[in-house]
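**Q** next one to model:
(chains A, B, C, D, E and F)
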Number of protein chains: 6
Amino acid sequence: MTTLVEYADAPAEVRAVYDAIKAARGVPDVNNFWKALAVHPPTLKRIWESLSAVMAPGALDPLVKEMLYLAVSVAHGCDYCIASHTAAAKAKGMTEVQHGELLAIIGIASETNRLAQAMRVPVDPQFDV
Amino acid sequence: MTTLVEYADAPAEVRAVYDAIKAARGVPDVNNFWKALAVHPPTLKRIWESLSAVMAPGALDPLVKEMLYLAVSVAHGCDYCIASHTAAAKAKGMTEVQHGELLAIIGIASETNRLAQAMRVPVDPQFDV
Amino acid sequence: MTTLVEYADAPAEVRAVYDAIKAARGVPDVNNFWKALAVHPPTLKRIWESLSAVMAPGALDPLVKEMLYLAVSVAHGCDYCIASHTAAAKAKGMTEVQHGELLAIIGIASETNRLAQAMRVPVDPQFDV
Amino acid sequence: MTTLVEYADAPAEVRAVYDAIKAARGVPDVNNFWKALAVHPPTLKRIWESLSAVMAPGALDPLVKEMLYLAVSVAHGCDYCIASHTAAAKAKGMTEVQHGELLAIIGIASETNRLAQAMRVPVDPQFDV
Amino acid sequence: MTTLVEYADAPAEVRAVYDAIKAARGVPDVNNFWKALAVHPPTLKRIWESLSAVMAPGALDPLVKEMLYLAVSVAHGCDYCIASHTAAAKAKGMTEVQHGELLAIIGIASETNRLAQAMRVPVDPQFDV
Amino acid sequence: MTTLVEYADAPAEVRAVYDAIKAARGVPDVNNFWKALAVHPPTLKRIWESLSAVMAPGALDPLVKEMLYLAVSVAHGCDYCIASHTAAAKAKGMTEVQHGELLAIIGIASETNRLAQAMRVPVDPQFDV
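**A** Have a look, this model is predicted:
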């Protein structure tokens, strides 16, 4: 059974991160991922700060960032991550059709990835520039 | 050594696919990936048709599609695919900063993917809706 | 449904392995992994013998061996293995803080692994000695 | 071709990280991994800070940390990471025999990981406590 | 919760694919995989057509094809695929002993795969012909 | 640089395994994989014995066994293993067309594996029997 640290039982350094997450996301409680990470407070803090920095507004659209996150999660077979980032992408406006196209790209990319590896295709000179 | 089928040596059914690829992309020759696939003509034809359908203009921007493709390729550790889709994304306008942000997302997603799996985090009820 | 072979229903060659596992570990019954493997007795026997040889006392500390096993299991996304080897590591003395550091290493290694692959970093000459 | 940012061509924010790495490790130059990351300075800085925090002295021995890093890198098939972390582990005192045992654990863990997944083994109740 | 499109609620283009699957397999209803894919009808149609073409009678025996499919699914850690293709292989005549040998190959291949990667073994010249 | 132990420099226990491999395969020298494994003689011996047992004549055809090995190697992205087991399969009689069909199965299986994971498809009750 995964240990989940609830706010009421959390030490001050964990509560500080939970408060930051809740404020940034406008939610009443943090997800299980953070409650599980809280058993090691320095990792909880570091991951939250890294994630915030990477997913902050930048040169890529927030929804695009979320879909890229989801694509990586699928390729790693992380069930929790697929569930949470699919929900996050929908919350950021991903439509049913965009989701369908995303799935199609993940599928065909997985297929051509393994074919390219199976055939040990040499990299074309123009891709090495 | 991977067998690469050159146009001059290709049977008619392979040449037809090569011609379609060259026309669609406006290039004088096809990449090594297609030349390797050509040893099995039905797979060459099927993959080209699937890829064309999936990557055609749709609800997602062409550059976004290309970056999603690249993200999956990295997570699968496909060296050829990383090289070719990085080149393709740049050709479609990916800037240095967008590439940097894409890499950052791939990195942090890989980290949280493994952490979520390592801790066997139960899926939050709200993600299961 | 996975077929699990219980001791009472097991043929002699399977019972012999179960007895060896129970004696080596001082447990009253074997885990589900072994009960599932028992549908193919030669594999059951071979895996038990390989595992015993690899995990026997040697140049590495037993707890270190168990943590290495767990790290590999996380990277392969094997839920059963993560559960059983986390329990085994705790039984061998892994503290909460050691577990936290182990998770942190798995996380950051996963991140830099994918970044190094994404950028196709050439191996430094000094690493090739 | 991967872009590698040399110190002489690097902007101030990149030089600052390079200087920190060189000081911490007592080396005259940084590895290619850092030179590749430097195309996106915020990621360079974040990864260096995360890595330093995770690999700092703690509850686990520095050599153990390095071997765990290597085990994860092998499971992800990251060639660069395998080369660099094998070298790092040797530099921290990993003997030939310890390396052999590490390899053996990675091997047998990979085998049982896939067997447990192939048989869809249900998690034993005692592992879920 | 995964959205599963039942026949009664499906649009005409989805029903056409469901009908084709049911006719080809002689089953009264399609599996959940197809009901999930149906949220994006073009992908449903494309995958069914690709799968039918690849798994059609050819130079490899149908049971061999199914076991190859299962082996790949295990290496990707796809739980749904392992369940469905194990069932399909049994339906095509895979015996208990053949299943045991298949598992053994998956296991030992996984072990030697990671060992070869861990040691960065150079490809022998005779394999590169 | 990977250390490769040549016969002339090998201790008696390593030579004994090399001799067994050469006799079993009718070859004048062993492949690089074995020369790399020889740095840890107990692992060399154990892997050779496991491999021999698993790949021995049984309920599955030798060529089928070799193709299953190759399929797993592709899914793990092991370049050395892909090269050596493609060569081995050809030596055992795999035709160009069989190779093409094998590649096609690996490709489509990779695609449906990731789609099934991405959609978190619930296992059908009939697959759980």
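**Q** could you use CA atoms for every contact and neighbour count after this?
**A** Fine.
**Q** could you give me the buried positions within stretch A:46-65?
**A** Neighbour counts over stretch A:46-65 (16 or more other Cα atoms under 10 Å in any protein chain shown) mark A:46-48, A:50-51, A:54-55, A:59-60, A:62-65 as buried.
**Q** again, but for stretch A:94-112
**A** In stretch A:94-112, residues buried by neighbour count (16+ other Cα under 10 Å) are A:94, A:98-112.
**Q** in the host helix or strand of residue A:86, what counts as buried?
**A** Using DSSP states H and E, residue A:86 maps to helix A:79-91. Of the residues in helix A:79-91, A:79-90 count as buried by neighbour count, 16+ other Cα under 10 Å.
**Q** other SSEs contacting the helix or strand following it?
**A** Counting by DSSP H and E, the element after helix A:79-91 in chain order, helix or strand, is helix A:96-118. Contacts defined by 3 or more Cα pairs under 8 Å, 6 or more residues apart in numbering or on different chains; DSSP states H and E place helix A:96-118 against helix A:62-75, helix B:41-55, helix B:62-75, helix B:79-91, helix F:62-75, helix F:96-118.
**Q** domain-wise, how is chain A divided?
**A** A:1-56, A:58-129 (automatic domain parsing).
**Q** so who does the residue of chain A found nearest chain E touch?
**A** Closest contact between chain A and chain E, by Cα to the nearest Cα, is at residue A:100 (5.1 Å). Applying Cα atoms under 8 Å, 6 or more residues apart in numbering or on different chains to residue A:100 gives the contacts E:39-40, E:43.
**Q** show me which of the residues you listed is closest to residue A:13.
**A** residue E:39 (43.8 Å; Cα to Cα).
**Q** hmm, residue A:110 is touching residue F:109, no?
**A** No - in this structure, residue A:110 is not within contact of residue F:109 by Cα atoms under 8 Å, at 9.1 Å.
**Q** check contacts around the residue nearest the centre of chain A.
**A** Nearest residue to the geometric centre of chain A (Cα atoms, centre = their mean): residue A:69, 4.4 Å. Each residue near residue A:69 by Cα under 8 Å, 6+ apart is listed here: A:85, B:105-106, B:109.
**Q** out of these, who's nearest residue F:19?
**A** Closest approach to residue F:19 among the contacts of residue A:69 (Cα to Cα): residue B:106, at 46.7 Å.
**Q** of the contacts of residue A:100, just the buried ones, ChimeraX syntax please.
**A** A single ChimeraX command selects the buried members of those (16+ other Cα under 10 Å):
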select /E:39,40,43
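**Q** next one: residue A:28 from residue A:20, what distance?
**A** Noted for residue A:28: a distance of 11 Å to residue A:20, by Cα to Cα, to the nearest Å.
**Q** scratch that, residue A:68
**A** Taken as Cα to Cα, the span from residue A:68 to residue A:20 is 24 Å.
**Q** of the two, who's got more company?
**A** More neighbours surround residue A:68 than the other of residue A:68 and residue A:20, with 26 against 15 (other Cα atoms under 10 Å in any protein chain shown).
**Q** got the contact list for the residue nearest to that one when sequence neighbours are not counted?
**A** Of all residues not flanking residue A:68 in the chain, residue B:68 sits nearest, at 5.7 Å (Cα to Cα, 6 or more residues apart in numbering or on different chains). With contact set as Cα under 8 Å, 6+ apart, residue B:68 has these partners: A:67-68, A:71, A:102, A:105-106.
**Q** ok, residue A:4 next?
**A** A:32, A:35-36, A:38-39.
**Q** ok, these vs chain C, which is closest?
**A** Of all these, residue A:39 has the smallest distance to chain C: 7.1 Å, by Cα to the nearest Cα.
**Q** please report phi then psi for that closest one.
**A** Residue A:39 adopts backbone torsions of phi -70, psi -20, taken as degrees, to the nearest 10.
**Q** how about residue A:5?
**A** Torsion angles, degrees, to the nearest 10, at residue A:5: phi -90, psi 110.
**Q** spell out which parts of chain A neighbour chain C.
**A** A:39-40, A:43, A:76-78 (Cα under 8 Å from any Cα of the partner chain).
**Q** change it to 7 Å
**A** A:40, A:43 (Cα under 7 Å from any Cα of the partner chain).
**Q** could you list the low-confidence segments of chain A?
**A** A:1, A:129 (pLDDT under 70).
**Q** swap the cut-off to 90 and go again
**A** Across chain A, the ranges flagged by pLDDT under 90 are A:1-2, A:128-129.
**Q** that one against chain F: which residues are in contact?
**A** Applying Cα under 7 Å from any Cα, one finds that chain A approaches chain F through A:74-75, A:77, A:82, A:103, A:107-108, A:110-112, A:114-115, A:117-118.
**Q** one more pass at 6 Å, please.
**A** A:74, A:107-108, A:110-111, A:115, A:118 (Cα under 6 Å from any Cα of the partner chain).
**Q** related to what we said a few turns ago, near chain B, which of the buried residues of stretch A:46-65 show up?
**A** residue A:59.
**Q** pick out whichever of the contacts of residue A:69 sits closest to chain F.
**A** residue A:85 (10.6 Å).
**Q** so which of the helices and strands packed on helix A:96-118 is nearest residue E:12?
**A** Comparing those under Cα to Cα, the one sitting nearest is helix B:41-55, at 20.5 Å.
**Q** any idea how far the closest one is from the chain center?
**A** 12 Å (Cα atoms, centre = their mean, to the nearest Å).
**Q** which elements pack onto it?
**A** Packing partners of helix B:41-55 (3 or more Cα pairs under 6 Å, 6 or more residues apart in numbering or on different chains; DSSP states H and E): none among the helices and strands.
**Q** if you set the cut-off to 10 Å instead, what comes out?
**A** helix A:96-118, helix B:12-25, helix B:32-37, helix B:62-75, helix E:41-55, helix F:96-118 (3 or more Cα pairs under 10 Å, 6 or more residues apart in numbering or on different chains; DSSP states H and E).
**Q** residues making contact with the third one?
**A** What it means is helix B:32-37. A:112, A:115-117, A:119-125, B:2-7, B:10, B:14, B:17-18, B:21, B:29, B:38, B:41, B:43-45, B:47-48, B:80-81, B:84, F:100, F:103-104 (Cα atoms under 10 Å, 6 or more residues apart in numbering or on different chains).
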